[in-house]
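*Asks:* My questions concern the predicted model and sequence given below.
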Amino acid sequence: MKKKLLSVIVICLLVFTVCGCQNQENAENGSVSAGTTGTEAETETEMGNVIRTLKIDDKSKKYVDYFLDGDLYSLCEYNAPEEVSRMDLFYVFRDGDQILEEERIESITFEQQENLRSAVIAVYQAEEGKYNIKLTSANGKSKQGTKGISFVPFTEGYISAYQDNSFPEEKITAEKQYPLFSVTGSPENAPSDGSETEKSEIYAVFY
C-alpha cells in the first residue's frame with residue numbers, strides 16, 4: 001500500500017513539474033509576443049521624415065502666444081530627413097495661376113539649429129492682414145519666429161475665405177512646396193475654375 005501511495009506521489013510530482021515548465025514557457029512566449037507587439041506599435045506611431053497637420057486643441061496652446069478661432073491659424077509638425085540641410089518659409093500671393101508676389105520670410109539652417117530639424121510650425125493671425133510664425137523644437141528647447149508678416153490685401157469687394165488648413169501627411173523631399181497656411185479671396189459669383197481667385201499662402205521648402 002505504501003509503495004502504491006509513493007508511486008502515486010511520484011507521478012503527481014512529475015505531472016506538476018511538466019505542467020509548470022509548460023506554463024513558464026508559455027508565459028515567456030507571451031512576454032515576447034507582447035514585447036513585439038509593443039515595438040510594432042511604437043514603430044507605427046513614431047514620426048518618420050514627414051510633415052503633417054497637428055490637431056488644434058488645448059494641448060497645442062503652447063505653440064502659439066494666444067488661442068484663436070481654428071480658421072485663423074494652423075499648426076504643422078515635421079521631422080526633416082538627414083539629407084536636407086535647410087528649410088525656408090515663403091509667403092506667396094497668387095491671382096489665379098499667376099504669382100504676383102513671393103518673399104522668403106524665414107530660413108533655418110539645420111547645421112546651426114539642429115534642434116529645429118524636428119519642430120512644430122505655428123502660423124496665426126496677429127491682427128487684420130498680419131500673421132506671426134513661430135517654430136518650436138520637438139524638445140521645446142529652441143524657438144524662433146517672425147512677427148507681423150503682411151498679407152497682400154485682396155481686390156476690393158472680394159470675399160475672404162479661410163481654408164481648413166488641414167493638409168495630408170507627406171514624406172519630406174527636397175525642393176517640394178509644403179503648404180502651411182492659406183486664405184483665398186474671390187468675387188461673390190467667381191467661376192469655379194479659380195481663374196478669378198486670389199490666394200495668400202505660406203509654405204515650406206526643404207533643401
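*Replies:* Structure received.
*Asks:* hey, let's count contacts and neighbours off CA atoms from now on
*Replies:* Fine.
*Asks:* Tell me the pLDDT of residue 34.
*Replies:* pLDDT for residue 34: 33.
*Asks:* Oops, could you answer that again for residue 195 instead?
*Replies:* Predicted confidence (pLDDT) at residue 195: the value is 89.
*Asks:* Which residues are in contact with the nearest residue to residue 143 once chain neighbours are set aside?
*Replies:* Excluding the flanking residues, the one nearest residue 143 by CA to CA, 6 or more residues apart in numbering is residue 136, at 4.6 Å. Residues near residue 136 by CA atoms under 8 Å, 6 or more residues apart in numbering: 63, 116, 119-121, 142-144.
*Asks:* buried sites along the helix or strand hosting residue 149?
*Replies:* Applying DSSP states H and E as the criterion places residue 149 in strand 143-150. Within strand 143-150, the residues scored as buried using 16 or more other CA atoms under 10 Å are 143, 149.
*Asks:* Give the partner strands of the helix or strand immediately after that strand in the chain in its sheet and their orientations.
*Replies:* Next in sequence after strand 143-150, counting helices and strands by DSSP H and E, comes strand 159-162. Counting by DSSP bridges, the strands paired with strand 159-162 are strand 177-186 (antiparallel).
*Asks:* Just checking: what are the partner strands of the helix or strand just after the strand it pairs with?
*Replies:* Sequence-wise, the next helix or strand downstream of strand 177-186 (DSSP H and E) is strand 198-206. As defined by DSSP bridges, the strand partners of strand 198-206 come to strand 86-95 (antiparallel), strand 177-186 (antiparallel).
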